[in-house]
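Peer 1: A predicted structure for the sequence below; I have some questions about it.
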Amino acid sequence: MSSAPSVSVRRVSALELAAVFVGGLIGTSLRLLIDLALAHDLDEFALSTLLVNTLGAFALGVLVAALWPRVPGWVRAGLGPGILGSFTTFSALAVSVVALTQAGDLVGAVLTVVLSIGLGMLAAWSGLTLGARLGGLGSRGSAASPAGGAGDGDRETPESKDVDR
């Protein structure tokens, strides 16, 4: 009989919660502005969703590689789950794909999935590459988790992962 691996739980500070809250207000507002600027019907290709998810993946890549090792946990929480978590969206992507499929636009639905995943991965890779060139990783190794890491400046290890991911 094997025992479950132990997981350490880190308490979230009030400052981190406040940073996520304020970041969420900013990210959601930016998302709304882009949705309004690139409005579309439900059964049409959602350029706004593709744009915010691609920009968000790129921005998170840059931030993780350039800043995560150097900034406090509350900053990571405000930028990652706060701003970028509320700016990007998987649910809008899912609804868009289902609506396109129901409207009979299977090519559009497949194109939406392929472009969203492909461009998101390319944007994340580009962001991580740019962030590393900006000096984020240096000799400290790989970037900490976008969700905030194990503490202010601490590196995340398999043993110290937050359980809320």
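Peer 2: Perfect, I can see it now. Numbers count the residues shown, from 1 in each chain.

Peer 1: so what does the lowest-mean-pLDDT helix or strand in the chain touch, helix or strand wise?
Peer 2: Within the chain, no helix or strand scores below helix 91-102, which has a mean of 90 by mean pLDDT, DSSP states H and E. Applying 3 or more C-beta pairs under 8 Å, 6 or more residues apart in numbering; DSSP states H and E, we find helix 91-102 packed against helix 47-66, helix 106-133. In short, each C-beta sits where N, CA and C put it, glycine included.

Peer 1: turn the ones you listed into CSV, columns for mean neighbour count and distance to Gly85.
Peer 2: Below are these laid out as CSV (neighbours: other C-beta atoms under 10 Å; distance: least, C-beta to C-beta, whole Å):
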stretch, mean neighbour count, distance to Gly85
helix 47-66, 22, 9
helix 106-133, 16, 14
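
Peer 1: export the ones you listed as JSON lines, with columns for mean pLDDT and distance to Arg76.
Peer 2: Formatted as JSON lines, the entries for those read as follows, by pLDDT from 0 to 100; distance: least, C-beta to C-beta, whole Å:
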{"stretch": "helix 47-66", "mean pLDDT": "93", "distance to Arg76": "8"}
{"stretch": "helix 106-133", "mean pLDDT": "95", "distance to Arg76": "13"}
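
Peer 1: OK, contacts around Phe45?
Peer 2: Phe45 makes contact with Ser96, Leu100, Gly108, Leu111, Thr112, according to C-beta atoms under 8 Å, 6 or more residues apart in numbering.

Peer 1: make it 7 Å
Peer 2: For Phe45, the contacting residues are Gly108, Thr112, taking C-beta atoms under 7 Å, 6 or more residues apart in numbering as the criterion.

Peer 1: is it in a helix, a strand, or coil?
Peer 2: Three-state secondary structure (criterion: DSSP: H, G, I helix; E, B strand; the rest coil) places Phe45 in coil.

Peer 1: same check, this time on Thr89
Peer 2: Following three-state DSSP, the label given to Thr89 is coil.
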